[in-house]
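*Asks:* could you work out the structure for the sequence below:
(4 chains)
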4 protein chains.
Amino acid sequence: MIQDIHITSPNDRVAAAKLKMMRCNVGGLPVVDGQKLVGIITHRDILLAGGEALGLKVDDLMSKDPIVADEGTPIIDITKIMAEKGYQRIPVVQNGNLIGLITQSSLIRALADLND
Amino acid sequence: MIQDIHITSPNDRVAAAKLKMMRCNVGGLPVVDGQKLVGIITHRDILLAGGEALGLKVDDLMSKDPIVADEGTPIIDITKIMAEKGYQRIPVVQNGNLIGLITQSSLIRALADLND
Amino acid sequence: MIQDIHITSPNDRVAAAKLKMMRCNVGGLPVVDGQKLVGIITHRDILLAGGEALGLKVDDLMSKDPIVADEGTPIIDITKIMAEKGYQRIPVVQNGNLIGLITQSSLIRALADLND
Amino acid sequence: MIQDIHITSPNDRVAAAKLKMMRCNVGGLPVVDGQKLVGIITHRDILLAGGEALGLKVDDLMSKDPIVADEGTPIIDITKIMAEKGYQRIPVVQNGNLIGLITQSSLIRALADLND
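*Replies:* Got it, this is the predicted structure:
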């Protein structure tokens, strides 16, 4: 899992979250309050919400109660969730705190490395 | 590989390609002239180019000479290209014609199905 | 260091900050509240955020807690930060107040003058 | 000098050149016809030209006869040109062919490395 994660806060503006996604070339950000995972916001959500939503707070637009994994979740279960739901990323939590992120790209990278 | 592929044409407007990506929830489209693959255009590219680029033609903005696979390319080689270049999708061609698309999502789906 | 610095305020519109950068031919502005440095905003950030972000306030989009130097920071340390992070400019502060700016251009100018 | 250089062609659209600059996070591109350096185009030029210019060809907007260096030009002379003219980058040519690029960032990086 990715441990150096790009995140946003519920009090950040949607515009700042969008900028961070563009800058870091990622399609979504876990939303973290302190260390606690409180939601997830995706670039697609922001684009669908339209330009008028850019001045809102992330908290206004984020998906609450995202599907999460913990450190013990088998990778295969994560691929099933991604395949069924079309999710690109699954946050990894411990006692509600965000400790990592599994993305489709990180799984592809692991797959590529397995065969080196 | 995906055979029912969303595509765009070099003569389409960038705005139409962007709309198709939003509607189909995909991050990029192969650009096809007749059946021939001539380029690739991504949602990120369109966002980076800015709103004024929406009236241009796809041909003006697309990446030419994209990295491609053929039907015989081992999946592992494709994962390596995706991991190294950060690509989300690799077109599959036969004699220059587009016949399929391998996306990170399609690989994750295959991985999930393998273990059913 | 540059002491006659172009700045913006957290309450300025993003559009006004962008205009100032275009007019002054600079790629970024320290954001100053009173005399206190509160952030930094770059032209690239504004372009990445997109045209709809122009009506927001600088505060909504700026990077908070920028890396800063003080008057005693060795120039060599500043070049290292610029090289590692890709930064074009480092604000110089004293007790949290902005007192100067080191840009890549100002360092090149100093280098050119050294050899006159 | 940088030898793995991002370039554009006189026949590319201005929009494609702008996109490449945004994607590669560079402020300007040498314009190359075959291997021959024929001009330079900067992000600032494109922004100043305005959105209507995006559909033009790079050839229509680029600066012709840019100031260049050759492999023997002393670095100090390059810093002087950068300081006097405000240039961020100087192409390096050999018999009219582009063989490298000196940017302010590459000089800062060299300076940082010198002191390791």
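*Asks:* does whatever helix or strand A:I78 lives in come close to chain B?
*Replies:* Assigned by DSSP states H and E, A:I78 belongs to helix A:75-85. Yes - judged by CB under 8 Å from any CB of the partner chain, helix A:75-85 comes into contact with chain B at A:76, A:79-80, A:82-84. (C-beta placed from N, C-alpha, C; glycine too.)
*Asks:* strands of chain A, start to end?
*Replies:* Assigned by DSSP state E, the strands in chain A fall at A:28-33, A:36-42, A:89-94, A:97-103.
*Asks:* can I get those strands in JSON lines including mean pLDDT and mean neighbour count?
*Replies:* As requested, these are exported to JSON lines (pLDDT from 0 to 100; neighbours: other CB atoms under 10 Å in any protein chain shown):
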{"stretch": "strand A:28-33", "mean pLDDT": "98", "mean neighbour count": "22"}
{"stretch": "strand A:36-42", "mean pLDDT": "98", "mean neighbour count": "20"}
{"stretch": "strand A:89-94", "mean pLDDT": "97", "mean neighbour count": "21"}
{"stretch": "strand A:97-103", "mean pLDDT": "96", "mean neighbour count": "19"}
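*Asks:* any idea of the pLDDT on the residue in chain A that chain C sits nearest to?
*Replies:* Relative to chain C, the nearest point of chain A is A:G51 (3.1 Å; CB to the nearest CB). On pLDDT, A:G51 comes in at 88.
*Asks:* hmm, back to that, which stretch among the strands of chain A comes nearest B:T8?
*Replies:* strand A:36-42 (22.6 Å; CB to CB).
*Asks:* tabulate the strands of chain A (CSV), appending distance to B:Q3.
*Replies:* Formatted as CSV, these follow (distance: least, CB to CB, whole Å):
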stretch, distance to B:Q3
strand A:28-33, 28
strand A:36-42, 27
strand A:89-94, 27
strand A:97-103, 26
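*Asks:* so for chain B, which of those strands sits nearest?
*Replies:* Nearest of these (CB to the nearest CB): strand A:97-103, 9.0 Å.
*Asks:* for that closest one, packing partners?
*Replies:* strand A:28-33, strand A:36-42, strand A:89-94 (3 or more CB pairs under 8 Å, 6 or more residues apart in numbering or on different chains; DSSP states H and E).
*Asks:* and the first one with strand A:97-103, angle?
*Replies:* Spelled out, that is strand A:28-33. 180 degrees (axes from the mean of the first three to the mean of the last three CA atoms, to 10 degrees).
*Asks:* can strand A:28-33 be found next to chain C?
*Replies:* No - using CB under 8 Å from any CB, strand A:28-33 never reaches chain C; the gap is at least 14.4 Å.
*Asks:* export that strand to CSV, keeping only CA atoms.
*Replies:* What follows is strand A:28-33 as a C-alpha-only set of coordinates in CSV (Å, rounded to 0.1, in the frame of the first residue of the first chain):
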residue,chain,number,x,y,z
GLY,A,28,-9.0,11.2,-5.7
LEU,A,29,-8.0,12.1,-2.2
PRO,A,30,-8.9,10.6,1.2
VAL,A,31,-10.4,13.3,3.4
VAL,A,32,-8.7,13.3,6.8
ASP,A,33,-9.7,15.2,10.0
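*Asks:* is any part of it close to chain B?
*Replies:* No - using CB under 8 Å from any CB, we find that strand A:28-33 stays clear of chain B, coming within 11.8 Å at best.
*Asks:* mind listing residues that contact that strand?
*Replies:* A:5-10, A:17, A:20-21, A:37-44, A:58-59, A:62, A:66, A:88-89, A:91, A:98, A:101 (CB atoms under 8 Å, 6 or more residues apart in numbering or on different chains).
*Asks:* for A:I2, what are its contacts?
*Replies:* Taking CB under 8 Å, 6+ apart, one finds A:100-103, A:106 in contact with A:I2.
*Asks:* endpoints of stretch A:82-94, how far apart?
*Replies:* End-to-end distance for stretch A:82-94: 20 Å, by CA to CA, to the nearest Å.
*Asks:* can you give me the offset of that stretch from its chain's centre?
*Replies:* 8 Å (CA atoms, centre = their mean, to the nearest Å).
*Asks:* now tell me what touches it from outside.
*Replies:* So stretch A:82-94 is contacted by A:1, A:27-28, A:30, A:37, A:40, A:42, A:66-71, A:73, A:78, A:81, A:98-104, A:107, B:25, B:105, B:108-109, B:111-113 (CB under 8 Å, 6+ apart).
*Asks:* equivalent analysis for stretch A:96-114, please.
*Replies:* By CB under 8 Å, 6+ apart, stretch A:96-114 touches A:1-3, A:5, A:7, A:26, A:30, A:32, A:35-37, A:69, A:71, A:75, A:78-79, A:82, A:88-93, B:76, B:79-80, B:82-84, B:86, B:88, B:104-105, B:107-108, B:111.
*Asks:* just to revisit the earlier point, is the residue of chain A closest to chain C in contact with C:E52, as I believe?
*Replies:* Yes - contact criterion CB atoms under 8 Å: A:G51 and C:E52 qualify, at 3.1 Å.
*Asks:* count of residues packed around A:L114?
*Replies:* Around A:L114 there are 9 other residues, counting by other CB atoms under 10 Å in any protein chain shown.
*Asks:* for A:N95, same thing?
*Replies:* Quick note: A:N95 (other CB under 10 Å) scores 8 neighbours.
*Asks:* ok, it - contacts?
*Replies:* No contacts exist for A:N95 under CB under 8 Å, 6+ apart.
*Asks:* A:A17 too?
*Replies:* With CB under 8 Å, 6+ apart, A:A17 has these contacts: A:8, A:29, A:41, A:46, A:58.
*Asks:* what about 6 Å?
*Replies:* Listed by CB atoms under 6 Å, 6 or more residues apart in numbering or on different chains, the contact partners of A:A17 are A:8, A:29, A:41, A:58.
*Asks:* just these now: which is nearest chain D?
*Replies:* A:L29 (20.1 Å).
*Asks:* so who does the nearest residue to the closest one once chain neighbours are set aside touch?
*Replies:* Nearest residue to A:L29 in three dimensions, chain neighbours excluded: A:T8, at 4.5 Å (CB to CB, 6 or more residues apart in numbering or on different chains). Going by CB under 6 Å, 6+ apart, A:T8 touches A:17, A:29, A:31, A:58.
*Asks:* neighbours around the last one, how many?
*Replies:* If I follow you right, that is A:V58. Neighbours of A:V58 (other CB under 10 Å): 23.
*Asks:* for stretch A:59-66, output the C-alpha coordinates as CSV.
*Replies:* Once non-C-alpha atoms are left out, stretch A:59-66 reads as follows in CSV (Å, rounded to 0.1, in the frame of the first residue of the first chain):
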residue,chain,number,x,y,z
ASP,A,59,-16.9,18.4,3.5
ASP,A,60,-19.9,19.6,1.4
LEU,A,61,-19.0,17.4,-1.5
MET,A,62,-17.1,14.3,-0.3
SER,A,63,-18.5,10.8,-0.1
LYS,A,64,-18.9,9.9,3.6
ASP,A,65,-18.4,6.3,4.9
PRO,A,66,-16.1,5.1,2.1
